[in-house]
Structure formats: structure tokens, C-alpha cells
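Trainee: prediction below, plus the sequence it came from.
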Amino acid sequence: MDLLKKYFPQITEFQVEKLILFKDLIKQWNKKINLVSRKDVENFEVNHILHSLSISKFIKFKKDTQILDLGTGGGLPGIPLSIVFPNSNFKLIDRKNKKINVLNEIINKLSINNVKAQNIDIIDLNHNYDFIINRAVSSTDNLIKLCNGRINFKEHNEIKNGIICLKGGNLNSELKNINKFQIVELKYFFSELFFEKKKILYIPNPYNHMDN
């Protein structure tokens with residue numbers, strides 16, 4: 001995990017140990033259930049852990065921030081972020097119950113108490129969040145529809161509550177109907193080729209009409 005220390009020098013040894021254990025657990029479970037793509041599981045540190053933690057280059061979640069990881073899959077980006085932001089609260093949801101069962105096993109092994117995983121659709125949630133994070137789970141238009149009514153209006157972070165997506169490629173076509181957004185190119189933070197076309201897409205609360 002030398003790259004972790006290179007790009008995130010503020011991470012403690014304790015957190016590095018947790019991230020290493022997370023990587024090992026994912027690799028073990030991935031032989032039984034496809035949590036992440038098997039073709040790049042050997043590049044887990046770069047393609048999954050660094051990619052997830054890239055969000056921390058954009059925002060430092062404050063204490064008690066409520067974060068929803070939509071379509072979490074293998075616990076990404078939620079679990080790595082929950083390790084480096086232990087004072088924030090993470091909810092991981094996915095429609096595939098098998099994955100959620102494994103994630104709960106992993107969370108238990110990691111002994112992290114600020115993250116919960118649940119097999120539920122976002123429309124059935126009865127709780128709102130400050131930020132909804134995800135890794136390319138859907139088009140931007142559809143994400144905004146899915147997240148409607150799930151973002152808190154009261155804010156306490158340095159940026160407005162909203163949706164934070166990890167995306168790749170050209171986003172022009174799917175952003176043509178979006179009025180307010182910010183794109184952060186990850187190639188300016190990381191030198192690995194994987195990040196050349198990777199981006200963070202941030203959409204401040206699109207339902208807060210008081211901002212219009």
C-alpha cells in the first residue's frame with residue numbers, strides 16, 4: 001500500500017491496516033461472489049481503493065455527515081471512505097442481497113461501526129442524507145430522479161449537500177440538461193494511467209430551489 005501513503009499522507013497506520021484487510025477480504029470473497037470485476041481485482045489498490053478515496057481529495061467530510069453509497073457493489077466507494085472518515089456515517093445500499101450479506105461480513109471483520117449495509121432500493125429508504133455517492137451506477141439524469149427527496153437541506157460541510165459521482169470518459173451528453181455541476185479531473189491528483197479519464201462529478205443539491 002505504498003501508493004496510499006504517497007497520495008494520502010494524512011492516513012494513519014491504523015487506517016492503512018484496515019484498508020489492507022479490506023483488500024484481502026474482497027479478494028477472498030471475490031472467488032465465491034463477483035463483488036468487483038475479476039479482470040482488475042489484482043489492481044485493487046489503484047482501481048478501487050485509490051479511486052474510492054479520490055473523493056477525499058474533493059471534500060473532507062465533517063463530523064456526523066450522513067452519506068449514502070448508492071449501488072455500492074463491493075462496498076465501493078463507501079467502505080474505504082468510512083475508514084478514513086470515522087466520524088461520518090455511511091449507509092451502503094444495493095439491490096443484490098448476496099453482495100450485501102458479504103459486505104456485512106466484511107464490515108464485521110473490519111470492526112467499523114460507522115457504516116451499515118442494507119439490501120434496499122433507494123425509493124424505499126425512510127432517511128435523508130447530506131451526500132449521495134456512487135461509482136457510475138447510472139446516467140446523471142436517472143441519478144437525479146432516483147435521489148429526489150433523499151438529500152438534506154440543512155448543510156454543515158464546506159460545499160453544499162448533493163450528489164458525488166465517480167465517472168469516466170466524456171460526460172457532455174449526459175450533462176446537457178444539468179444546470180449546476182462541477183467536474184474534477186483525477187489525472188491532476190494521480191499519475192497512474194487508470195486515472196487519465198476518470199472524474200469526480202459533483203452536483204449540488206438539484207432539488208433545492210432556494211438556490212435558483
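Mentor: Yes, it's here. Numbers count the residues shown, from 1 in each chain.
Trainee: tell me which stretches of this structure form strands.
Mentor: Taking DSSP state E, the strands of the chain run over residues 66-70, 89-94, 115-119, 131-135, 162-168, 182-185, 198-204.
Trainee: format those strands as JSON lines; extra columns: distance to K145.
Mentor: Placement of C-beta: from N, CA and C, glycine included. JSON lines is the format used below for the strands of the chain (distance: least, C-beta to C-beta, whole Å):
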{"stretch": "strand 66-70", "distance to K145": "12"}
{"stretch": "strand 89-94", "distance to K145": "16"}
{"stretch": "strand 115-119", "distance to K145": "21"}
{"stretch": "strand 131-135", "distance to K145": "12"}
{"stretch": "strand 162-168", "distance to K145": "11"}
{"stretch": "strand 182-185", "distance to K145": "20"}
{"stretch": "strand 198-204", "distance to K145": "12"}
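Trainee: would you turn the ones you listed into JSON lines with distance to V16 and mean pLDDT?
Mentor: Formatted as JSON lines, the strands of the chain follow (distance: least, C-beta to C-beta, whole Å; pLDDT from 0 to 100):
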{"stretch": "strand 66-70", "distance to V16": "21", "mean pLDDT": "98"}
{"stretch": "strand 89-94", "distance to V16": "19", "mean pLDDT": "97"}
{"stretch": "strand 115-119", "distance to V16": "18", "mean pLDDT": "97"}
{"stretch": "strand 131-135", "distance to V16": "22", "mean pLDDT": "96"}
{"stretch": "strand 162-168", "distance to V16": "21", "mean pLDDT": "96"}
{"stretch": "strand 182-185", "distance to V16": "24", "mean pLDDT": "97"}
{"stretch": "strand 198-204", "distance to V16": "22", "mean pLDDT": "97"}
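Trainee: let me have these in CSV, extended by mean neighbour count.
Mentor: Shown next, in CSV, are these (neighbours: other C-beta atoms under 10 Å):
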stretch, mean neighbour count
strand 66-70, 24
strand 89-94, 23
strand 115-119, 19
strand 131-135, 24
strand 162-168, 21
strand 182-185, 13
strand 198-204, 20
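Trainee: closest to I79 out of those?
Mentor: Comparing the strands of the chain against I79 with C-beta to C-beta, the closest turns out to be strand 115-119 (6.4 Å).
Trainee: counting by contacts, list what that closest one packs against.
Mentor: Counting contacts by 3 or more C-beta pairs under 8 Å, 6 or more residues apart in numbering; DSSP states H and E, strand 115-119 packs against helix 78-84, strand 89-94, helix 97-110.
Trainee: confidence score at the nearest residue to K23 once chain neighbours are set aside?
Mentor: With C-beta to C-beta, 6 or more residues apart in numbering as the criterion, K23 has its nearest non-adjacent residue at 5.1 Å, and that residue is F44. F44 is assigned 94 on the pLDDT scale.
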